[in-house]
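> let me see the structure of the following:
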Amino acid sequence: MLLVKLFFTFMKIGAFTFGSGYAMLALAEEEVVEVHQWLSAEEFADAVSLSEMTPGPIMINLATFVGTKLKGTFGAIIASLGLIIPPIIALIIITRLYIDYKDNQIVDKIFKGLKPAVIGLIITVVIKLGRSTFVEVKSVLITIMTIISILIGLHPILAVVGAGTLGIIIF
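Numbering: from 1, shown residues only. Prediction:
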């Protein structure tokens with residue numbers, strides 16, 4: 001029963017979120033933490049951090065993490081499949097329609113409306129993750145240092161390694 005719930009939960013996340021994996025995080029947080037209570041808010045923030053640092057798309061990594069925590073390797077496979085099936089089907093359909101209607105003004109207006117919505121979803125996730133992460137000044141300082149280092153051109157991998165090293169030193 002849990003495997004079925006896991007599959008359909010991640011299928012819903014994959015089906016009803018548009019944009020990047022970051023945009024999916026808002027719905028994932030609601031489903032995983034609030035609705036099903038599979039992870040606490042702190043565990044979710046940790047899982048997102050791990051998912052960001054490991055190779056691959058963040059949402060696949062997150063689905064794999066949640067599935068593994070709940071039902072081992074098979075749970076990871078089920079959660080990941082649930083997540084990717086809707087976008088694969090949607091991508092096939094949308095690509096076909098986009099090829100046929102890419103010059104249509106209504107399609108152009110739809111995309112102009114979706115872009116800010118995706119940004120809004122990403123900002124929502126940042127705020128929610130910030131609430132559970134910024135419990136002390138040290139975390140805020142690491143965040144600010146990471147943002148500045150990336151904006152001035154430091155490679156993101158080096159910024160993550162630096163943040164981890166700072167975590168070891170100051171926590």
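> make it CA atoms for all contacts and neighbour counts henceforth
Noted.
> pLDDT on stretch 22-33, on average?
Across stretch 22-33, the average pLDDT comes to 90.
> that one: which residues count as buried?
Neighbour-count burial for stretch 22-33 flags 22-29, 31-33 (criterion: 16 or more other C-alpha atoms under 10 Å).
> closest to Tyr101 among the residues you listed?
Ala23 (25.1 Å; C-alpha to C-alpha).
> I figured that closest one hits Pro116, correct?
No. At 11.1 Å, Ala23 and Pro116 do not qualify as touching, with contact defined as C-alpha atoms under 8 Å.
> so who does Val137 touch?
Contact analysis of Val137 by C-alpha atoms under 8 Å, 6 or more residues apart in numbering lists nothing.
> distance check, it against Leu158.
According to C-alpha to C-alpha, to the nearest Å, Val137 stands 22 Å off from Leu158.
> before we move on, the earlier item: out of the buried residues of stretch 22-33, who's nearest Thr73?
For these, the nearest to Thr73 is Val32 (18.0 Å; C-alpha to C-alpha).
> how near is the closest one to Ile168?
28 Å.
> for this protein, what's the longest helix?
Ranked by residue count under DSSP state H, the longest helix found in the chain is helix 58-101.
> next structured bit after that one?
helix 105-133 (DSSP states H and E).
> report the inter-axis angle for that next one versus helix 58-101.
Per axes from the mean of the first three to the mean of the last three C-alpha atoms, to 10 degrees, the angle that helix 105-133 makes with helix 58-101 is 170 degrees.
> ok now helix 105-133, how far from the chain's centre?
Distance of helix 105-133 from its chain centroid, counting by C-alpha atoms, centre = their mean, to the nearest Å, is 12 Å.
> average model confidence for it?
On average, helix 105-133 scores 85.
> model confidence over the very next helix or strand once past it, on average?
Under the assignment DSSP H and E, the closest C-terminal helix or strand after helix 105-133 is helix 137-151. Mean pLDDT, helix 137-151: 91.
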